[in-house]
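**Student:** Let's see this in three dimensions:
(chains A, B, C and D)
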2 protein chains.
Amino acid sequence: MGRTPAGETRKRIFEFMRHRLLAGDPPTTREVQEQFGFRAVQTAREHLEALVAEGLLAKARSQGRGQARSQARGYRLPALLEQATENCLIPLLGRVQAGGLTTALEDPEGLLPIHSRFSEKELFALRVRGDSMKDAAIVEDDIVIVRRQANANSGEIVVALVEDEATVKRLRKKGRRIELVPENDAYDVIVPDPARTIILGKVVEVRRYFGTPPLIAPYTDA
Amino acid sequence: MGRTPAGETRKRIFEFMRHRLLAGDPPTTREVQEQFGFRAVQTAREHLEALVAEGLLAKARSQGRGQARSQARGYRLPALLEQATENCLIPLLGRVQAGGLTTALEDPEGLLPIHSRFSEKELFALRVRGDSMKDAAIVEDDIVIVRRQANANSGEIVVALVEDEATVKRLRKKGRRIELVPENDAYDVIVPDPARTIILGKVVEVRRYFGTPPLIAPYTDA
DNA sequence: AGTTGTACCAGACGTTTGTCTGGTTCGTCA
DNA sequence: TGACGAACCAGACAAACGTCTGGTACAACT
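**Tutor:** Numbers count the residues shown, from 1 in each chain, chains lettered A, B, ... in the order given. Next up, the predicted model:
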């Protein structure tokens, strides 16, 4: 029977699917059936296939062999399919004061879940200490997300290890020399000894959380 | 045969699972088997069950009835299980200049994928225009993530609709009156007409992207 | 030499789950 | 009034998939 107003149930089903899929828990056809009180699997299936036809859902490929049948729990969000490098966990390193090179990078608060175009392995996050980048709108307790790279262009904001201390500054190249420029009149430009300075990476993102701290997963792997 | 050095394959399997699960595409036991070239399903299964025993993986509950059997593609990341309200898509609204109340909130750039403790429905994101919050380290083109709420405490940063224009300011309450305080000496405090002012929500997060823009999903639903 | 533990293999059983065939009810439009 | 499509239902088949039983090979320790 055409019980519901037309497309109304369909929309609710899409919302349900979207939530489950974003949670990483793809439902089966029968779970959809039960969720919406259908007495036939086929009803749920027809709605789902209609959503696929509309392009709102996608079905996971049956990788490899025959393709007649889809896989179990195989509905996906098409937008997420395109961007494989979506969800990842990157180490969030605490505010480092000093210490050796290795210790400077091994004080993890945990793993920060982010969405990024970059590959997970080339990223890490660092909590900012001090106000030397105040005029670049980066302040104490901000989290900078850093892409590991040994070089950067002049003008980019980088994380550098100077004399075993990690610091966030704007990079300025003068010929073959480099300078680390704070964005705060109260601080002086650092002209580091190249032999004792390593560029850890380039800041690709800044985040600041008010009130509620970010979701952080416990640090598990190395 | 004890081919691999001990725990080496196990670690690689965990990495594989983690990637697949974060991508929202949980593998089957047999997919793990093929991925690692095992000739028996059981081998993959034993590794997976070992990871569950170590607490690195979890198995999805067979919700409801008997619990003897797990569901298909049922391995999950335990950290993600605990926090159901993880992954969500929130509308990113463009920089609004003017326009009616409704139009002010309906100029979506797309859907921004984020991880948050808040429920998806109470959140939206807004691109910041102008430098009136410069001293609070919020500048042009920043993205503020806002939790919808009609009231806020004094001192919190809010998004308010004043005379049909959306604006980010710090809220100050003076008795029954409210003030919207810019954090920039070049601007004056706004003492808005309460009848023509609505607090849209409170800023819970600020983001700034350098170089590479954020991942944004196309706007689909209403 | 025996024991123990890890990593692996072969094959099977039974549930889960996608898919199919065929049917009903209702609203809409010609 | 009939045709048609949308939404729904009943029941079944077959592939996918978790799980089990019973094995082998090898290293480490006693």
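
**Student:** What's the first helix or strand after the least confident helix or strand in chain A by mean pLDDT?
**Tutor:** Here the helix or strand of chain A ranked lowest by mean pLDDT, DSSP states H and E is helix A:101-104, holding a mean of 47. Tracing the chain past helix A:101-104, the next element assigned as helix or strand by DSSP states H and E is strand A:108-115.

**Student:** just checking, next helix/strand downstream of that following strand?
**Tutor:** Downstream of strand A:108-115, the next assigned helix or strand under DSSP H and E is strand A:123-127.

**Student:** Can that next one be said to contact chain B?
**Tutor:** No. Contact of strand A:123-127 with chain B (Cβ under 8 Å from any Cβ of the partner chain) is absent, the minimum separation being 11.5 Å. Just so you know, the C-beta spots here come from the backbone N, C-alpha and C atoms, and that holds for glycine as well.

**Student:** helices and strands around that strand, which ones?
**Tutor:** Helices and strands touching strand A:123-127, by 3 or more Cβ pairs under 8 Å, 6 or more residues apart in numbering or on different chains; DSSP states H and E, are strand A:87-93, strand A:108-115, strand A:143-148.

**Student:** Direction included, what does it pair against?
**Tutor:** If you go by DSSP bridges, strand A:123-127 pairs up with strand A:87-93 (parallel), strand A:143-148 (antiparallel).

**Student:** which other helices and strands contact the helix or strand following the last one?
**Tutor:** Per DSSP H and E, the first helix or strand lying C-terminal to strand A:143-148 is strand A:157-162. Applying 3+ Cβ pairs under 8 Å, 6+ apart, one finds that strand A:157-162 contacts strand A:143-148, strand A:165-174, strand A:177-181, strand A:197-209.

**Student:** what angle do strand A:157-162 and strand A:197-209 make?
**Tutor:** Angle, strand A:157-162 to strand A:197-209, by axes from the mean of the first three to the mean of the last three Cα atoms, to 10 degrees: 130 degrees.

**Student:** circling back to that earlier point, would a markdown table of the strands paired with strand A:123-127 with mean pLDDT and mean neighbour count be doable?
**Tutor:** Output for the strands paired with strand A:123-127, formatted as a markdown table (pLDDT from 0 to 100; neighbours: other Cβ atoms under 10 Å in any protein chain shown):
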| stretch | mean pLDDT | mean neighbour count |
| --- | --- | --- |
| strand A:87-93 | 89 | 22 |
| strand A:143-148 | 96 | 22 |
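
**Student:** Could you tell me how far the residue in chain A that DNA strand D sits nearest to is located from A:G7?
**Tutor:** Nearest residue of chain A to DNA strand D, counting by Cβ to the nearest atom of the strand: A:R39, 3.1 Å away. Relative to A:G7, A:R39 is positioned 21 Å away (Cβ to Cβ, to the nearest Å).

**Student:** Kindly report the same for A:R117.
**Tutor:** Relative to A:G7, and taking Cβ to Cβ, A:R117 is found at 34 Å.

**Student:** So which of those two has more stuff around it?
**Tutor:** Higher neighbour count among A:R117 and A:G7: A:R117, with 12 against 9, using other Cβ atoms under 10 Å in any protein chain shown.
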